[in-house]
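1. What follows is a protein structure lacking sequence information:
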């Protein structure tokens, strides 16, 4: 099970952000839409895959999976 994920967030950022998997979300996969904390607000993001490197700073946890949407196909 991967503990850290690279997430493309709904914000004008050049790179994806790294988020940690909380204990209540065990089955995450690439292409899933997730709810995430972003600064003082809540946002959505798409899981790009397991994080390749983990920053030394404090990493926030994913909040939940957006169950209303199917994951993107693997080719994306």
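-> Arrived safely, thanks for sending. A quick note: this is a predicted structure, and the numbers were derived from the prediction, not measured.
2. for this protein, longest strand please?
-> As assigned by DSSP state E, the longest strand anywhere in the chain is strand 41-50.
3. ok, and what's touching the helix or strand following it?
-> With elements assigned by DSSP states H and E, the helix or strand that comes after strand 41-50 is strand 64-65. Here strand 64-65 makes contact (CB atoms under 8 Å, 6 or more residues apart in numbering) with 25, 28, 32-35. The C-beta positions use only the backbone N, C-alpha and C, and glycine is treated the same way.
4. for stretch 15-23, same thing?
-> By CB under 8 Å, 6+ apart, stretch 15-23 touches 1-9, 28, 34, 36, 38, 45, 48, 51, 54-55, 59-63.
5. what about the protein, any weak spots by pLDDT?
-> 1, 76 (pLDDT under 70).
6. what about the residue nearest to the spatial centre of it, which SS state?
-> The C-alpha lying nearest the average C-alpha coordinate of the chain belongs to residue 7 (CA atoms, centre = their mean; 3.9 Å). Assigned by DSSP: H, G, I helix; E, B strand; the rest coil, the conformation of residue 7 is strand.
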